[in-house]
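*Asks:* model the structure of this input:
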Amino acid sequence: MAFQLMAQSTEKSNSYYLNPIIPGNYGDPSIVRVKNDFYMAHSRNDGFIIWHSTNLVNWKPVNRVFLEGYSRVWAVDLQYFNGKFHLYLPIQNYPGRIEGVKGFGNFVVTATDAAGKWSEPVKIEIPVPKNIGHWGAIDPGFIHSKDGKNYLYLSAGWVIELDATATKAIGDAKKVYDGWQSPQDWNVQCKCLESPKLFYKDGYYYMVSAQGGTNGPSTAHMNVVARSRTAIGPWENSPYNPITHTYSEEETWWHQGHGTMFDAPDSSWWIVYHGRLKNYTGLGRSTLLMPIEWTKDGWPVVKNGIPSSAFIPKPNFGENTGNGMEIKDDFTATSLHPFWNYDYSKRNLIKSGNGSLQLTASGTSHKDGTQITIGAIHKSFEVTIEIQMPSTGAKAGIALENDGVVYDGAMATFTEGPDWRMNEAERYPATKGHVFFKIKNFRKDISLLYSDDGFNWISFGKGLRVEDSYKIKLFGAGNGTVEFKNFHYTAIE
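*Replies:* Residues are numbered from 1 along each chain as shown. Next comes the predicted model:
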């Protein structure tokens, strides 16, 4: 399988890295260290993805887990204890959900090997208070106290005790934290206290929380920290809050929040969190990494106050597994790479191997047909794909969100637009049943091209301006089978 997506980590004399460590739409990161290995989890709509690293800068995906029958998985919390990985997940749609019930259910899955098989979700029966917030109990954060008890924190400062297995709630949830009061003149989206991530150090329990809202103004999101002598409060806010925050829209990274703080094998401290690239929020929330130092009075702050856009000294541990931005797939493997996303209920319609991706067509268009998607990771890029049509009655194409090009075996045209635009774009490649397509996105200006041989490209002659088209989609619609080969993604800037 030739498919790679490495951390950006642009290097300067091999001693520095440049954020993000995982580009693209990988928000709400949760990280755990097991001896000298780091594992990071991100939620996907219908499951989650697990990454591995030994040096915090270079990451590789080791597992993509689908949870059949579950969807709208939000911010997860990855833990390791009792010889097992535990992943706590808030899920809005799940088997047995009662219609009309507001909010999310909280679940936990476990595995002895992060790259291996994970258990089926176990529902944590949490009696959710009515005033917990609009979305209900989301963003779980686990902590095992020094007196042997297990607690699960939730959004809006609520906490509930778990049993000895850390899979069932005991008693009622209690509100123990109100968050940090940001200055009144700060431009935020909302209070939105969420993402409690906890750890213990030097006699204190520390809790890193997100506030300000994930979206909204560029300056909305932030990470704040509080500490307590007990696992359930009372909590004291840091006088140095916030830990991370975007103070101006001129900064490189917007919406900097939702962090997990942790220590490394050399006793250094770090925080991993997400942010959006200035003026290119459609790329999603990339994963950022910043070094942490401790003040004399026992509070964590960003080391030396360096900005998240700076060249940052690399960690002094672990292995450099290489850097790069190449994304390509020749579809030689029989299973799709973890970066591809698709509707798991249609997995039987998707087949990879022997150098081609075959989709059994369904639906009527690029919107409801059989499809696989991947998020772009640059503000300017181009993608190319080779298409073969072994059967009639189907259409195949490539699109950025809904705008792209489609082929029926004879005619190539646009996927979206008014009749005049669609008709003026009709093209007829020289060889029936075979075509190459290219889409170029240069700072949101879209060019669409086709080719008979993959070398000489012909423009459709009509481009687009699309603000947030960063999800690349391969699709097959209608009846029959469509075939893709040689997917290439090239960074422009």
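*Asks:* for the lowest-mean-pLDDT helix or strand in the chain, which helices and strands make contact with it?
*Replies:* Ranking every helix and strand in the chain by mean pLDDT, DSSP states H and E puts helix 419-424 at the bottom, with a mean of 82. For helix 419-424, the packing partners by 3 or more C-beta pairs under 8 Å, 6 or more residues apart in numbering; DSSP states H and E come out as strand 412-414. (C-beta placed from N, C-alpha, C; glycine too.)
*Asks:* chain center to the strand it packs on: distance?
*Replies:* 31 Å (C-alpha atoms, centre = their mean, to the nearest Å).
*Asks:* so where is the stretch 201-350 of the chain shaky, pLDDT-wise?
*Replies:* Within the stretch 201-350 of the chain, the stretches with pLDDT under 70 are 321-326.
*Asks:* now the strands for it?
*Replies:* 204-211, 222-228, 236-237, 244-245, 253-263, 269-277, 286-294, 300-302, 312-313, 327-329, 341-342, 350-353 (DSSP state E, counting those that start in this stretch).
*Asks:* now those in JSON lines, with mean neighbour count?
*Replies:* Output for those, formatted as JSON lines (neighbours: other C-beta atoms under 10 Å):
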{"stretch": "strand 204-211", "mean neighbour count": "25"}
{"stretch": "strand 222-228", "mean neighbour count": "24"}
{"stretch": "strand 236-237", "mean neighbour count": "15"}
{"stretch": "strand 244-245", "mean neighbour count": "22"}
{"stretch": "strand 253-263", "mean neighbour count": "25"}
{"stretch": "strand 269-277", "mean neighbour count": "24"}
{"stretch": "strand 286-294", "mean neighbour count": "20"}
{"stretch": "strand 300-302", "mean neighbour count": "18"}
{"stretch": "strand 312-313", "mean neighbour count": "18"}
{"stretch": "strand 327-329", "mean neighbour count": "23"}
{"stretch": "strand 341-342", "mean neighbour count": "20"}
{"stretch": "strand 350-353", "mean neighbour count": "18"}
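*Asks:* mind putting those into TSV with distance to residue 168?
*Replies:* Below are the strands of the stretch 201-350 of the chain laid out as TSV (distance: least, C-beta to C-beta, whole Å):
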stretch	distance to residue 168
strand 204-211	22
strand 222-228	24
strand 236-237	30
strand 244-245	34
strand 253-263	24
strand 269-277	29
strand 286-294	31
strand 300-302	32
strand 312-313	42
strand 327-329	42
strand 341-342	32
strand 350-353	37
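*Asks:* between these, which gets nearest to residue 112?
*Replies:* Closest to residue 112 of the strands of the stretch 201-350 of the chain is strand 253-263 (C-beta to C-beta; 21.1 Å).
*Asks:* quick one: that closest one to strand 269-277, angle?
*Replies:* Between strand 253-263 and strand 269-277, the angle comes out at 160 degrees (axes from the mean of the first three to the mean of the last three C-alpha atoms, to 10 degrees).
*Asks:* so what's the gap between the least confident helix or strand of the chain and the chain middle?
*Replies:* Here helix 419-424 is found 36 Å from its chain centre; the criterion is C-alpha atoms, centre = their mean.
*Asks:* just stretch 403-416 next, same as before
*Replies:* How far stretch 403-416 lies from its chain's middle: 30 Å, per C-alpha atoms, centre = their mean.
*Asks:* likewise stretch 16-33?
*Replies:* 9 Å.
*Asks:* dump it to CSV, restricted to CA.
*Replies:* As requested, the backbone C-alpha atoms of stretch 16-33 are provided in CSV (Å, rounded to 0.1, in the frame of the first residue of the first chain):
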residue,chain,number,x,y,z
TYR,A,16,12.9,21.9,15.4
TYR,A,17,9.4,21.2,14.4
LEU,A,18,6.6,23.4,13.1
ASN,A,19,2.9,22.8,14.0
PRO,A,20,0.7,21.0,13.2
ILE,A,21,1.9,17.6,14.2
ILE,A,22,-1.1,16.1,12.4
PRO,A,23,-2.6,18.3,9.7
GLY,A,24,-6.1,18.2,8.4
ASN,A,25,-9.3,17.6,10.3
TYR,A,26,-8.1,15.9,13.4
GLY,A,27,-9.6,17.8,16.3
ASP,A,28,-10.3,17.0,19.9
PRO,A,29,-7.1,14.9,20.4
SER,A,30,-6.6,12.7,23.5
ILE,A,31,-3.2,11.3,24.3
VAL,A,32,-1.8,8.7,26.7
ARG,A,33,1.8,7.5,27.4
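*Asks:* what residues of it count as buried?
*Replies:* Neighbour counts over stretch 16-33 (16 or more other C-beta atoms under 10 Å) mark 17-32 as buried.
*Asks:* show me what counts as buried in the host helix or strand of residue 79.
*Replies:* Assigning secondary structure by DSSP states H and E places residue 79 in strand 77-81. For strand 77-81, burial by neighbour count (16+ other C-beta under 10 Å) applies to 77, 78, 79, 80.
*Asks:* if we can go back for a sec, any idea which helix or strand comes after the least confident helix or strand of the chain?
*Replies:* Criterion used, DSSP H and E; the element after helix 419-424 is strand 434-442.
*Asks:* poorly predicted segments of the stretch 51-200 of the chain, please.
*Replies:* 100, 133-134.
*Asks:* what about the strands in it?
*Replies:* Applying DSSP E, counting those that start in this stretch to the stretch 51-200 of the chain gives strands spanning 60-66, 71-73, 77-81, 84-93, 105-111, 122-124, 141-144, 150-154, 158-162, 169-175, 194-201.
*Asks:* need the winner for burial among the ones you listed.
*Replies:* Among the strands of the stretch 51-200 of the chain, strand 150-154 has the highest mean neighbour count (mean count of other C-beta atoms under 10 Å), at a mean of 24.
*Asks:* strand partners of that one, parallel vs antiparallel please.
*Replies:* Strand pairing for strand 150-154, determined by DSSP bridges: strand 141-144 (antiparallel), strand 158-162 (antiparallel).
*Asks:* would you list the ones you listed in TSV and tack on distance to residue 339?
*Replies:* Output for the strands paired with strand 150-154, formatted as TSV (distance: least, C-beta to C-beta, whole Å):
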stretch	distance to residue 339
strand 141-144	27
strand 158-162	33
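*Asks:* burial of residue 250, as a residue count?
*Replies:* Using other C-beta atoms under 10 Å, the number of residues around residue 250 comes to 8.
*Asks:* only alpha carbons, please: show stretch 232-243 as CSV.
*Replies:* Taking Å, rounded to 0.1, in the frame of the first residue of the first chain, the C-alpha atoms of stretch 232-243 are listed here in CSV:
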residue,chain,number,x,y,z
ILE,A,232,-13.5,16.1,43.0
GLY,A,233,-12.6,19.6,44.1
PRO,A,234,-12.8,22.3,45.2
TRP,A,235,-11.0,23.7,42.2
GLU,A,236,-8.7,26.7,42.1
ASN,A,237,-8.1,28.4,38.7
SER,A,238,-4.7,29.2,37.5
PRO,A,239,-3.6,32.8,37.7
TYR,A,240,-1.9,32.3,34.4
ASN,A,241,-5.0,31.2,32.4
PRO,A,242,-5.5,30.7,29.6
ILE,A,243,-2.7,28.2,28.7
